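[1] next comes the sequence, and after it the predicted model I'd like to discuss.
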Amino acid sequence: AQSVTQLGSHVSVSEGALVLLRCNYSSSVPPYLFWYVQYPNQGLQLLLKYTTGATLVKGINGFEAEFKKSETSFHLTKPSAHMSDAAEYFCAVSEGGSNYKLTFGKGTLLTVNP
Amino acid sequence: NAGVTQTPKFQVLKTGQSMTLQCAQDMNHEYMSWYRQDPGMGLRLIHYSVGAGITDQGEVPNGYNVSRSTTEDFPLRLLSAAPSQTSVYFCASSDGPRGTEAFFGQGTRLTVV
């Protein structure tokens, strides 16, 4: 079975600082990996995804993530945090087979301090 | 652009009551799913469907039923509500198998007292 571990349930950064949210996965097949963002009282929105090809993936709002197979990681980064980045972030892996099922990590709440 | 629409947004039930959470999508997506979100637990899959007439169980299916009579609609039924079903429920849809983006509704916040 697929699984996702997000290290740190809460990350706090200053505005303008580097954002690093960690995600490790386990998978018995080549993984498809996703980062979703959830703003307060809203649904989830896709930030970026890795399927095949280039291991450095760029997403919306200046975020990017790098797929590292040897480390089974897919960490999310942004060079300079903005107040509007405050939200909860979820890493997810897509399970194998023809059915579409996502397995989510437990989420990381990002706080951005002025 | 309606996308995925969930109703109601909020609901309070008494223990033992039944209700249906509605989910509709207007993107002609084949794949639809229901998740529940609990603090510190992330999102957990309840049921999913790969097309009209086809449904299957996810990680936490007990106490919930689903059906998929049309491509557009995927209702979630609580048969006899329990306090453990207090949660935020999200419906999602996608037009393909693994690797395709899932689009989420705004959620239904359910409280069972």
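    Arrived safely, thanks for sending.

[2] what sits against the residue nearest to residue B:104 when sequence neighbours are not counted?
    Ranked by C-beta to C-beta, 6 or more residues apart in numbering or on different chains and with sequence neighbours excluded, the top spatial neighbour of residue B:104 is residue A:43, at 3.7 Å. Just so you know, the C-beta spots here come from the backbone N, C-alpha and C atoms, and that holds for glycine as well. The neighbours of residue A:43, taking C-beta atoms under 8 Å, 6 or more residues apart in numbering or on different chains as the test, are B:4, B:90, B:104, B:105, B:106, B:107.

[3] cutoff 10 Å now
    By C-beta atoms under 10 Å, 6 or more residues apart in numbering or on different chains, the residues touching residue A:43 are A:36, B:3-4, B:6, B:37, B:88, B:90-92, B:103-107.

[4] same check on residue B:82?
    With the criterion set at C-beta under 10 Å, 6+ apart, residue B:82 makes contact with B:13, B:15, B:16, B:62, B:63, B:112.

[5] kindly report the same for residue B:111.
    B:10, B:11, B:12, B:13, B:81, B:83, B:85, B:86, B:87.

[6] which residues does it bridge with?
    Beta-bridge pairing of residue B:111, defined through DSSP bridges, involves residue B:12.

[7] now it: how far from chain A?
    With distances defined as C-beta to the nearest C-beta, to the nearest Å, the gap from residue B:111 to chain A amounts to 15 Å.

[8] so that residue versus residue A:88, what's the distance?
    Look at residue B:111 and residue A:88: by C-beta to C-beta, to the nearest Å, they are 20 Å apart.

[9] hmm, back to that, now, which of the contacts of residue B:82 sits nearest chain A?
    residue B:62 (17.5 Å; C-beta to the nearest C-beta).
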